[in-house]
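Asks: Sequence first, predicted model second:
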Amino acid sequence: MSTRRTFISLLGGAAAAWPLAVRAQQAAMPVIGYLSGATFEITREYVAAFHQGLADAGFAEGRNVAIEYRWAGGHNERLPALATDLIRREVAVIAVGGSTPGALAAKSVTDTIPVVFLVGTDPVKIGLVPSLAHPGGNITGITILNVELLAKGLEFAHDLMPPGTKIAVLVNPSNLLQAATERGIIQGATRVLGARPLVLDASSPGEIEAAFGTLVSERAGVLVVSGEVFFLTQRARLIELAAQHAIPTIYAYREYTAAGGLMSYGGSLTDMYRQVGN
């Protein structure tokens with residue numbers, strides 16, 4: 001996707017609309033709206049990477065640009081209201097960090113303010129943009145395709161475990177589009193592998209606990225965790241439960257393995273956030 005070119009042209013158009021007198025007097029800075037489905041504490045290193053991307057382009061928070069942060073804290077249902085609040089703040093551009101529901105929420109509330117997203121699935125399939133090469137409109141961004149990579153995680157799980165092992169997969173049903181795509185991938189991949197899948201839903205900490213109870217009672221031998229952002233916010237507990245129940249677990253990001261998880265397969269989130277900032 002020609003993200004950088006589109007983003008620069010969009011931001012340039014927004015800058016042209018700033019009142020000349022305000023720019024001349026430097027009485028106000030352009031404001032970036034930063035929308036996240038997670039929390040600052042969980043995504044601290046990614047926010048730093050976002051800031052580095054801004055710095056690469058000559059921007060620094062508090063010096064020549066301001067940033068309004070909105071955090072959903074793992075509650076996707078809050079994202080539309082948070083996006084609307086940024087519109088009221090009259091931000092010049094909205095950056096959506098690692099959240100498909102956040103990107104869709106931002107798109108739903110404005111067709112004029114530029115939106116730059118980072119998502120884990122194909123943005124064409126979920127209706128964010130009409131084309132990777134020509135996103136058009138006011139929205140563009142980056143995808144790391146971790147949803148599509150879920151099939152690879154299932155393949156690893158199948159190859160690492162004895163034949164006939166039941167493979168559990170943890171998905172977040174509150175992220176409707178991503179969960180629907182993941183279910184299709186799970187069905188297709190396990191059918192090809194000849195594996196037995198067990199899809200477990202969780203969209204709250206309590207439901208994660210319950211999912212592990214089901215996993216144990218159903219005698220699943222291995223777990224694959226979706227790359228959905230809610231699970232990233234819960235990574236410490238997921239790793240603890242996997243160890244407690246001695247369940248080999250495959251995750252979507254290296255952050256899980258850095259925190260003590262067994263195995264991950266996916267791209268560099270840090271580099272993606274830097275690109276969003278740039």
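Replies: Thanks, I have it. Numbers count the residues shown, from 1 in each chain.
Asks: Break down the stretch 151-278 of the chain into its helices, ranges please.
Replies: 176-193, 205-217, 229-233, 235-244, 254-258, 269-277 (DSSP state H, counting those that start in this stretch).
Asks: Could you identify which of those is most buried?
Replies: Most buried of these by mean neighbour count (mean count of other C-beta atoms under 10 Å) is helix 229-233; its value is a mean of 24. Backbone N, C-alpha and C define where each C-beta goes, glycine included.
Asks: same for that helix, what does it pack against?
Replies: Counting contacts by 3 or more C-beta pairs under 8 Å, 6 or more residues apart in numbering; DSSP states H and E, helix 229-233 packs against helix 40-56.
Asks: Show me how far the helix it packs on is from its chain's centre.
Replies: From the chain centre to the centre of helix 40-56 is a distance of 14 Å (C-alpha atoms, centre = their mean, to the nearest Å).
Asks: low-scoring stretches of the chain, by residue?
Replies: The chain contains residues with pLDDT under 70 at 1-27.
Asks: returning to what we had before: could the helices of the stretch 151-278 of the chain go into a markdown table alongside distance to residue 57?
Replies: Shown next, in a markdown table, are the helices of the stretch 151-278 of the chain (distance: least, C-beta to C-beta, whole Å):
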| stretch | distance to residue 57 |
| --- | --- |
| helix 176-193 | 29 |
| helix 205-217 | 38 |
| helix 229-233 | 25 |
| helix 235-244 | 30 |
| helix 254-258 | 25 |
| helix 269-277 | 7 |
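Asks: residues touching the closest residue to residue 97 other than its chain neighbours, list them.
Replies: Residue nearest to residue 97 in three dimensions, not counting chain neighbours: residue 36, with 4.4 Å by C-beta to C-beta, 6 or more residues apart in numbering. Shown in contact with residue 36 (C-beta atoms under 8 Å, 6 or more residues apart in numbering): 43, 69-72, 96-99, 102.
Asks: Between the residues you listed, which sits nearest residue 266?
Replies: Closest approach between the contacts of residue 36 and residue 266, by C-beta to C-beta: residue 98, at 11.9 Å.
Asks: coming back round to it: which one, of the helices of the stretch 151-278 of the chain, ends up nearest to residue 30?
Replies: Per C-beta to C-beta, nearest to residue 30 of these: helix 269-277, 14.1 Å.
Asks: quick one on the thing from earlier: for the contacts of residue 36, which one is nearest residue 155?
Replies: Of all the contacts of residue 36, residue 98 has the smallest distance to residue 155: 24.1 Å, by C-beta to C-beta.
Asks: Tell me how many other residues surround the closest one.
Replies: 27 (other C-beta atoms under 10 Å).
Asks: Check the one 10 residues further on too.
Replies: Using other C-beta under 10 Å, residue 108 has 12 neighbouring residues.
Asks: for residue 111, helix, strand, or coil?
Replies: Put simply, residue 111 is coil when judged by DSSP: H, G, I helix; E, B strand; the rest coil.
Asks: Identify the residues contacting the nearest residue to it once chain neighbours are set aside.
Replies: The shortest distance from residue 111 to any non-neighbouring residue, by C-beta to C-beta, 6+ apart, is to residue 138 (5.8 Å). Taking C-beta under 8 Å, 6+ apart, we find residue 138 in contact with 10, 110-115.
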